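# my questions concern the predicted model and sequence given below.
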Amino acid sequence: MSDTPDAFAPRVGRRERNKQEKLARIVGAARQLFRDRGFAETTTQQIAEAADIGTGTLFLYARSKEDLLVLVFSDEMLETARAAFASVDPDAALLDQLMQVFSSMLAYHERDRDIARLLLKEVMFPDAMGRGAAISELLDVIFAGLADLVVRARAAGKCHQAAPPLMIAENLFANYYLELIGRLGDRTTAAQFQTRLRQHLAITINAPA
């Protein structure tokens, strides 16, 4: 018998494998239809047919199209956030690091602005437990990543903002979120987004813009 860690890993049963496979088909079908037809024009019946399942089965995984929207794109947003923090230049000033992170997040949303607007609405006003859990996980990753950047900058003598790191992180994200709404609402250009966000972040961390 092998002594590798995989040999001791619990096996996934057939029922769980089937559940995971159905979920993958649902997510893939919904993502493609939302992007091809648009969210408003896509029906749950179309998603179920594309995923080769019944509508009753579909509603075991998501109770509404809004649930499906978050289910489909929450993993992508998580991956985007984690990749953004992983790619930060450790030698850069905190303000530049923050701009790197938030610029990566903006680039993700700019890929499909219609979907992004809907996602922002669901982040602001989640009305289902499943959606709330997915959004909370995303925000936890973002807040923890921002707080970690603040802590490291303080240790290096590059940040003199004395507030608790998590509170600073929440304020930093609030600045980004406000500017993101303006950008996706076509109230600012990409260049204005960068300029305004940098100014707001600089105020929050007491740094020159």
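Alright, I've got the coordinates.

# show me where pLDDT drops low in this structure?
Residue ranges of the chain with pLDDT under 70: 1-12, 126-131.

# can you list the domains in this structure?
The record, using automatic domain parsing to delimit domains, assigns the chain the ranges 1-61, 63-205.

# looking at these, which is buried most?
Among those, the stretch with the highest mean neighbour count (mean count of other CB atoms under 10 Å) is domain 63-205, at a mean of 17. Yep, even glycine has a C-beta here, placed from its N, CA and C like the rest.

# endpoints of that one, how far apart?
Its first and final residues considered, domain 63-205 spans 41 Å by CA to CA, to the nearest Å.

# quick test: name the residue nearest the centre of this protein.
A centroid search over the chain (CA atoms, centre = their mean) returns Met77, at 2.8 Å, as the residue closest to the centre.

# give me the distance between that one and Val88.
In this view, Met77 and Val88 are 17 Å apart by CB to CB, to the nearest Å.

# what sits against Gly145?
Neighbouring residues of Gly145 by CB atoms under 8 Å, 6 or more residues apart in numbering: 81-82, 84-85, 101, 169.

# of the residues you listed, which is the nearest to Gln161?
Of all the contacts of Gly145, Ala169 has the smallest distance to Gln161: 11.0 Å, by CB to CB.

# who are the contact partners of that closest one?
Under the criterion of CB under 8 Å, 6+ apart, the contact partners of Ala169 comprise 142-147, 150.

# so how far is Thr42 from Thr57?
From Thr57 across to Thr42, the span is 17 Å (CB to CB).

# next: Arg31.
If you measure Arg31 against Thr42 using CB to CB, the figure is 10 Å.

# kindly report the same for Ile205.
For Ile205, the distance to Thr42 under the criterion CB to CB works out to 42 Å.

# for Lys121, same thing?
16 Å.

# repeat that for Leu68.
Counting by CB to CB, the gap from Leu68 to Thr42 is 9 Å.

# same question, Lys65
Per CB to CB, Lys65 is found 7 Å from Thr42.

# which helices and strands does the helix or strand containing Gln194 pack with?
Taking DSSP states H and E as the criterion, the element that holds Gln194 is helix 190-205. Using 3 or more CB pairs under 8 Å, 6 or more residues apart in numbering; DSSP states H and E as the contact criterion, the elements in contact with helix 190-205 are helix 94-110, helix 165-184.
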